[in-house]
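> A structural model of the following input is requested.
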Amino acid sequence: MDKNEFMLRLIKVISIIVISNIYFFSGIISSHYISTYIAKDYDKNKSKLSNFLQLIYEVSVIVIVVYILRVIVKNIPNPLDSLYGFKHSKLRELNGNVILAFSFIFFMKDKLHNKVDKLIKL
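As a prediction, this is how the structure comes out:
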């Protein structure tokens with residue numbers, strides 16, 4: 001491996017680390033606010049339909065926030081772009097799906113699981 005190839009890989013690894021951390025912390029912060037202000041536990045005083053609609057609302061908010069976060073992160077300029085032939089826009093890890101899913105599940109797993117579990121039980 002020559003110096004240019006090594007530097008290109010190093011830049012790619014650094015970019016993946018930075019992008020993943022941006023996704024993780026923005027996902028954690030977003031999911032914390034969604035969990036605190038939007039998500040609700042299953043309410044046995046309400047109908048299954050009402051609880052189901054609440055779940056749909058929560059998932060919809062999560063999907064919209066994930067979309068917005070992906071758009072924002074993709075548009076953050078990378079100072080390492082073009083060094084040693086590195087193309088920031090071609091970085092597959094730029095979509096952030098896995099790390100965002102993990103960060104949302106980190107905060108919201110109990111509320112979502114509780115609701116889904118009670119809705120599925122007939």
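> Could you check the pLDDT of K109?
Here the pLDDT value assigned to K109 is 81.
> List the buried residues in the helix or strand harbouring it.
In this structure, K109 sits in helix 97-120 according to DSSP states H and E. Buried residues in helix 97-120, defined by neighbour count with 16 or more other C-beta atoms under 10 Å: 99-100, 103-104, 107-108, 111-112, 115. Quick note: C-beta positions are derived from backbone N, CA and C, even for glycine.
> What's the end-to-end length of stretch 79-96?
19 Å (C-alpha to C-alpha, to the nearest Å).
> Now for this structure, the helix or strand with the poorest mean pLDDT.
helix 97-120 (a mean of 81; mean pLDDT, DSSP states H and E).
> which helices and strands sit right next to that helix?
Packing partners of helix 97-120 (3 or more C-beta pairs under 8 Å, 6 or more residues apart in numbering; DSSP states H and E): helix 3-37, helix 48-74.
> Can you add distance to L91, mean neighbour count and mean pLDDT and give those back as TSV?
Below are these laid out as TSV (distance: least, C-beta to C-beta, whole Å; neighbours: other C-beta atoms under 10 Å; pLDDT from 0 to 100):
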stretch	distance to L91	mean neighbour count	mean pLDDT
helix 3-37	6	15	90
helix 48-74	10	14	92
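> what's the closest of these to G85?
In terms of C-beta to C-beta, the element of the helices and strands packed on helix 97-120 nearest to G85 is helix 3-37, at 5.9 Å.
> from the middle of its chain, how far away would that closest one be?
10 Å (C-alpha atoms, centre = their mean, to the nearest Å).
> Any chance of the buried residues of helix 97-120 in a markdown table with distance to P79 as columns?
Shown next, in a markdown table, are the buried residues of helix 97-120 (distance: C-beta to C-beta, whole Å):
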| residue | distance to P79 |
| --- | --- |
| I99 | 21 |
| L100 | 23 |
| S103 | 24 |
| F104 | 28 |
| F107 | 31 |
| M108 | 33 |
| K111 | 39 |
| L112 | 37 |
| K115 | 43 |
